[in-house]
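Undergrad: Turn this into a structure:
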Amino acid sequence: MSRVTLILPVAAMLALSTSHGSPQASSVARPPIVGVAHIGLKTNDLAAARKFYGEYLGYDESFTLNKPSGGLMLTYFKVNDHQYIEVFPELKTETEDRLSHIAFETTNAAQLRDYLASKGVKVPGTVKPGLDGNVSFMIQDPDGHNVEFVQYMPGSLHTRNFGKFMPLTRISERIIHVGVTVQDRAAYDRLYKDILGFREFWHGGMKDDRTDWVDMQVPDGTDWLEYMLNVHNPSPRTLGVMHHLALGVPSVARSHERLIARGMKTEEPKVGRDGKWQLNLYDPDLTRAELMEPNPVQTPCCSPMFFNK
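TA: Here you go, the predicted model:
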């Protein structure tokens, strides 16, 4: 799940003071970070979210978790055995950010915690199993977004359900990226590029001489994080466009036809500035779910695209 126990800031983070008795930098190697694990989103209308992610996008609501004190904490829509859309019924106001957190999968959460500590990143003092049986920890990025790193453990809620809850109705079988707003690219690069090993493979913008998006691929997989630059004082609608998830599909046109057949009203597909066919969808709380084909059909704007497949 998500949100294990402690959330501590990285932001000034790179003031680089080690804490919690962390190991020396030379003694800890970074374990693999293999892909996007999930995106956590907040809603004030769980029935509407279920209609969007379940009925329209075709995902099974595979399981739920309750708060220790009682009441629903979150529900999971399963994309594949390692990727989920987590929905929290905790949106309190219309102006609140719908993004709860983003999460990446690692093969060793404890080692990654130690590695980040050795690099001066503020991390929890320990890594503990969550209510779902996985181990994970949370940090905050330079802009205060919650970023989780999760390791799927034998016997956890997720691993017990490997191979289940993946119907043919799924509009996509993979989350290929998540996007967050970024105010200071240099600070993000220090965290994601210099420390975590993410690699830029493309950048582009609304105009050829402007960079509005930077795509940073995880070091040990094909998924990526998209920096959403040049966003200031956004409305809830704009923030929902920026804080988004992208679902890979072999054909946007065919996916569009499936959605129309399910009764969904959508925009028309278009070719984006990266040269790829895409279709923007919006959940009831204004978060964008972007369908995207894997390969450009036109030359991408602004920079060459170097993508590890």
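Undergrad: Can you pull the domain assignment for this protein?
TA: The chain breaks down by automatic domain parsing into domains covering 7-11+31-161, 175-292.
Undergrad: Quick one: mean pLDDT for the longest one?
TA: In other words, domain 7-11+31-161. Regarding domain 7-11+31-161, the rounded mean pLDDT is 95.
Undergrad: Walking through the stretch 151-300 of the chain, point out its helices one by one.
TA: Under the criterion DSSP state H, counting those that start in this stretch, the stretch 151-300 of the chain carries helices at the ranges 185-188, 236-242, 252-261.
Undergrad: that's a strand at residue 40, yeah?
TA: Yes: under DSSP: H, G, I helix; E, B strand; the rest coil, residue 40 falls within a strand.
Undergrad: In contact with residue 105, which residues?
TA: Listed by C-beta atoms under 8 Å, 6 or more residues apart in numbering, the contact set of residue 105 reads 33, 34, 35, 36, 37, 82, 149, 150, 151, 152. Backbone N, C-alpha and C define where each C-beta goes, glycine included.
Undergrad: got the residue ranges for the strands in the stretch 1-150 of the chain?
TA: Counting by DSSP state E, counting those that start in this stretch, the stretch 1-150 of the chain has strands at residues 7-9, 33-42, 60-66, 72-80, 83-88, 99-106, 128-129, 135-140, 146-151.
Undergrad: got the angle for the fourth one vs strand 99-106?
TA: In other words, strand 72-80. Taking axes from the mean of the first three to the mean of the last three C-alpha atoms, to 10 degrees, one finds strand 72-80 and strand 99-106 inclined to each other by 50 degrees.
Undergrad: Now do strand 72-80: distance to the chain's middle.
TA: 14 Å (C-alpha atoms, centre = their mean, to the nearest Å).
Undergrad: Note down every partner strand of that strand and its orientation.
TA: Partner strands for strand 72-80, per DSSP bridges, with pairing direction: strand 60-66 (antiparallel), strand 83-88 (antiparallel).
Undergrad: List the contacts of the longest one.
TA: The one in question is strand 60-66. Contacts with strand 60-66, where a contact means C-beta under 8 Å, 6+ apart, come from 1, 50, 53-54, 72-78, 84, 131-132, 157, 161, 164-167.
Undergrad: Over to the last one?
TA: If you take C-beta under 8 Å, 6+ apart as the criterion, strand 83-88 is touched by 1-2, 35-43, 46, 49, 53, 59, 62, 73-79, 100, 158, 174-175, 245.
Undergrad: Of the residues you listed, select the buried ones using a PyMOL command.
TA: Remark: buried members of these, expressed as a PyMOL selection using 16 or more other C-beta atoms under 10 Å:
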select buried, resi 1+2+35+36+37+38+39+40+41+42+43+49+53+59+62+73+74+75+76+77+78+79+100+158+174+175+245
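Undergrad: ok so, going back, save the strands paired with strand 72-80 as TSV, and put in distance to residue 236 too.
TA: Formatted as TSV, the strands paired with strand 72-80 follow (distance: least, C-beta to C-beta, whole Å):
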stretch	distance to residue 236
strand 60-66	25
strand 83-88	16
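Undergrad: Among those, which comes closest to residue 285?
TA: In terms of C-beta to C-beta, the element of those nearest to residue 285 is strand 83-88, at 9.1 Å.
Undergrad: I would like the residues contacting stretch 173-185, please.
TA: Contacts of stretch 173-185 (C-beta under 8 Å, 6+ apart): 36, 38-39, 79-80, 83, 85, 99, 102, 141-143, 145, 166, 188, 213-215, 222-229, 231, 234, 239, 242-248, 292, 294.
Undergrad: Name only those of those residues that count as buried.
TA: For those, buried by 16+ other C-beta under 10 Å: 36, 38-39, 79, 83, 85, 99, 102, 141-142, 145, 166, 188, 213-215, 222-229, 231, 239, 242-248, 292.
Undergrad: In contact with residue 255, which residues?
TA: When contacts are counted by C-beta under 8 Å, 6+ apart, residue 255 is found next to 171, 172, 249, 279, 291.
Undergrad: Kindly recompute the last result at 6 Å.
TA: 171, 249, 291 (C-beta atoms under 6 Å, 6 or more residues apart in numbering).
Undergrad: one step back: deepest of the strands paired with strand 72-80, which one?
TA: strand 83-88 (a mean of 24; mean count of other C-beta atoms under 10 Å).
Undergrad: Now that one - C-alpha only, PDB.
TA: Taking C-alpha atoms only, strand 83-88 is exported to PDB below (Å, rounded to 0.1, in the frame of the first residue of the first chain):
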ATOM      1  CA  GLN A  83       0.900  -1.700 -10.800                       C
ATOM      2  CA  TYR A  84      -2.300  -0.200  -9.300                       C
ATOM      3  CA  ILE A  85      -4.400   2.900  -9.200                       C
ATOM      4  CA  GLU A  86      -5.100   3.500  -5.500                       C
ATOM      5  CA  VAL A  87      -8.100   5.600  -4.600                       C
ATOM      6  CA  PHE A  88      -8.500   7.200  -1.200                       C
END
